[in-house]
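In: Give me a model of this one.
(4 chains)
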2 protein chains.
Amino acid sequence: MIDKKIEGGTFMNSLSYAILAILTRKSQTGYELGKQLETLWASKLSQIYPLLSRLEKKGLVTSEHILQTGKPNKIKYHITETGLETLKQWIKQSPTDPVLRDEFLIKIHSIWLSNAETAVKLLLERLESFEKKLKNANEVIEILETTKKEEITNPQTDAFCSFILYKRRKKIVEEEVEWCRWVLEMFNGSSK
Amino acid sequence: MIDKKIEGGTFMNSLSYAILAILTRKSQTGYELGKQLETLWASKLSQIYPLLSRLEKKGLVTSEHILQTGKPNKIKYHITETGLETLKQWIKQSPTDPVLRDEFLIKIHSIWLSNAETAVKLLLERLESFEKKLKNANEVIEILETTKKEEITNPQTDAFCSFILYKRRKKIVEEEVEWCRWVLEMFNGSSK
DNA sequence: AGCAGCATGTAACGAGTTACATGATTCG
DNA sequence: CGAATCATGTAACTCGTTACATGCTGCT
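Out: Residues are numbered from 1 along each chain as shown, chains lettered A, B, ... in the order given. Predicted coordinates for the structure are as follows:
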């Protein structure tokens, strides 16, 4: 009875909703969406552009052609009333289980077959990459805390939602960093 | 120059390595692999069975037909020397970036458009599901700590690898639980 | 009587990535 | 002078899910 199939194509997938979610905050181009989506639902432009056309055919977004000089012309997308309603309805439904695909975990699972050097190299790389993510999250949180002091405590604002998501990110990334250090210690302890 | 393309089909994907990784610990059937893979690289049996055939053609695993009465016959897979070498070589290479696909995050991103009831329901569901995961991780950790006391401090054992992976899982899931409680408090605080 | 578990597989489809095509500007 | 950024898109592919097919045992 759930009509996922709205006129003009096939079903709505998670990426479609992620696109609508970002467009509620600011109308933007496919190219810009590609960057915004990184933290929410990573995807390539080659997947985003066809989906935007599909969403337009369904009447969930409208497009505005913007001519530019010196740069290629661009197409700005706006969410429609129908699009907003569709998104709101979707939010109410229980989300599917999260899926994590992380080659690092497979490698760690098998690291007992390897030597300490390989393990340490793997862990140091991971540590470095997550320390960068942590720094980035901290920066965004600081900016939100100073420029949106009021909004970030009000659940009815988009800043609040961004804030809590970055706080979550920070917590989880911090744990990963701590964990890497802990495992590295165990390798140092056992080799000496 | 990296010969991902070993005779007998196309490339090796992450799932192929995940299968090899699990088979290093214990020979087992595709059906059993399906369950073991849940925490490492979630996948369906319809993807696992054809991959096992492919791995056999490549000479990375061998199969043993086991006849059963009362239950359907089964095929037990064993990793070969070549399979083990292939896995060891792969571990040395830097893993690709982890990919997380989580509809919950998209919904939270848009929760400012919705009402407090919807948000609280979403968060309570998440909390419950992660509390279950936490309980499960704690149980496995306790078992490992009592039955494999020695191995879990020795990086050359498979128990050590399982142990550190479950410890990681526990930490991250704990943070998610804490975060859910924190956000729920903010909703309770603002509605009164 | 019906459902879950055991056990293997194929077919069809949707989701996602890589490669290709185009072309101007700006930065190092 | 090459690489990165801006900007949109198509084609070909791999990866992953859903549905289908089969059939016996044990639990509720």
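In: Which residue ranges of chain A form strands?
Out: Assigned by DSSP state E, the strands in chain A fall at A:28-29, A:61-66, A:74-79, A:99-101.
In: what's the second one packed up against?
Out: Packing contacts for strand A:61-66, counted by 3 or more C-beta pairs under 8 Å, 6 or more residues apart in numbering or on different chains; DSSP states H and E, involve helix A:14-23, helix A:45-57, strand A:74-79. Quick note: C-beta positions are derived from backbone N, CA and C, even for glycine.
In: I'd like to check the angle between that strand and helix A:45-57, please.
Out: 110 degrees (axes from the mean of the first three to the mean of the last three C-alpha atoms, to 10 degrees).
In: Report the buried residues of strand A:61-66.
Out: Within strand A:61-66, the residues that count as buried by 16 or more other C-beta atoms under 10 Å in any protein chain shown are A:61, A:63.
In: Show me the shaky parts of chain A.
Out: For chain A, the stretches with pLDDT under 70 are A:1-10, A:190-192.
In: before we move on, the earlier item: next, format the strands of chain A as a markdown table and append distance to residue B:28.
Out: What follows is the strands of chain A, written out as a markdown table (distance: least, C-beta to C-beta, whole Å):
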| stretch | distance to residue B:28 |
| --- | --- |
| strand A:28-29 | 49 |
| strand A:61-66 | 48 |
| strand A:74-79 | 49 |
| strand A:99-101 | 22 |
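In: With respect to DNA strand C, which of the ones you listed lies nearest?
Out: Proximity to DNA strand C (C-beta to the nearest atom of the strand) singles out strand A:99-101 among the strands of chain A, at 8.6 Å.
In: could you check whether the closest one is close to chain B?
Out: Yes. Judged by C-beta under 8 Å from any C-beta of the partner chain, strand A:99-101 and chain B are in contact via A:99-101.
In: could I get these as a markdown table with neighbour count and distance to residue B:69?
Out: What follows is those, written out as a markdown table (neighbours: other C-beta atoms under 10 Å in any protein chain shown; distance: C-beta to C-beta, whole Å):
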| residue | neighbour count | distance to residue B:69 |
| --- | --- | --- |
| A:99 | 13 | 38 |
| A:100 | 15 | 40 |
| A:101 | 19 | 39 |
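In: re the thing from before, how about a markdown table for the helices and strands packed on strand A:61-66, with distance to residue B:111 and mean neighbour count added?
Out: Output for these, formatted as a markdown table (distance: least, C-beta to C-beta, whole Å; neighbours: other C-beta atoms under 10 Å in any protein chain shown):
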| stretch | distance to residue B:111 | mean neighbour count |
| --- | --- | --- |
| helix A:14-23 | 10 | 23 |
| helix A:45-57 | 21 | 16 |
| strand A:74-79 | 16 | 18 |
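In: Quick one: closest of these to DNA strand C.
Out: Nearest to DNA strand C, of all the helices and strands packed on strand A:61-66, is helix A:45-57, at 3.2 Å by C-beta to the nearest atom of the strand.
In: Any part of that closest one near DNA strand D?
Out: Yes. Helix A:45-57 is in contact with DNA strand D by C-beta under 7 Å from any atom of the strand, via A:45-46, A:49-50, A:52-53.
In: Which one of these is nearest to residue A:81?
Out: residue A:52 (17.8 Å; C-beta to C-beta).
In: For the closest one, which non-adjacent residue is spatially closest?
Out: residue A:30 (5.3 Å; C-beta to C-beta, 6 or more residues apart in numbering or on different chains).
In: can you check residue A:162 too?
Out: The nearest residue in space to residue A:162 (C-beta to C-beta, 6+ apart) is residue A:144, at 6.6 Å.
In: The one you found contacts residue A:165, doesn't it?
Out: No. Assessed by C-beta atoms under 8 Å, residue A:144 is found out of contact with residue A:165, at 10.4 Å.
In: for residue A:179, what are its contacts?
Out: Contacts for residue A:179 (C-beta atoms under 8 Å, 6 or more residues apart in numbering or on different chains) come out as B:164, B:167-168, B:171.
In: if we go to 10 Å?
Out: A:123, A:126-127, A:130, B:164-165, B:167-172 (C-beta atoms under 10 Å, 6 or more residues apart in numbering or on different chains).
In: Okay, it and DNA strand D: tell me how far apart.
Out: Going from residue A:179 to DNA strand D by C-beta to the nearest atom of the strand, to the nearest Å gives 24 Å.
In: Repeat that for residue A:34.
Out: 8 Å.
In: show me the contacts for that residue.
Out: The neighbourhood of residue A:34, defined by C-beta under 10 Å, 6+ apart, consists of A:28, A:42-49.
In: Name the residues of chain A found near DNA strand C, please.
Out: A:10-11, A:13-15, A:41-44, A:46-47, A:70-72.
In: any chance of those residues in JSON lines, plus distance to residue B:77?
Out: Formatted as JSON lines, those follow (distance: C-beta to C-beta, whole Å):
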{"residue": "A:10", "distance to residue B:77": "37"}
{"residue": "A:11", "distance to residue B:77": "36"}
{"residue": "A:13", "distance to residue B:77": "34"}
{"residue": "A:14", "distance to residue B:77": "33"}
{"residue": "A:15", "distance to residue B:77": "35"}
{"residue": "A:41", "distance to residue B:77": "35"}
{"residue": "A:42", "distance to residue B:77": "33"}
{"residue": "A:43", "distance to residue B:77": "34"}
{"residue": "A:44", "distance to residue B:77": "34"}
{"residue": "A:46", "distance to residue B:77": "36"}
{"residue": "A:47", "distance to residue B:77": "34"}
{"residue": "A:70", "distance to residue B:77": "59"}
{"residue": "A:71", "distance to residue B:77": "55"}
{"residue": "A:72", "distance to residue B:77": "52"}
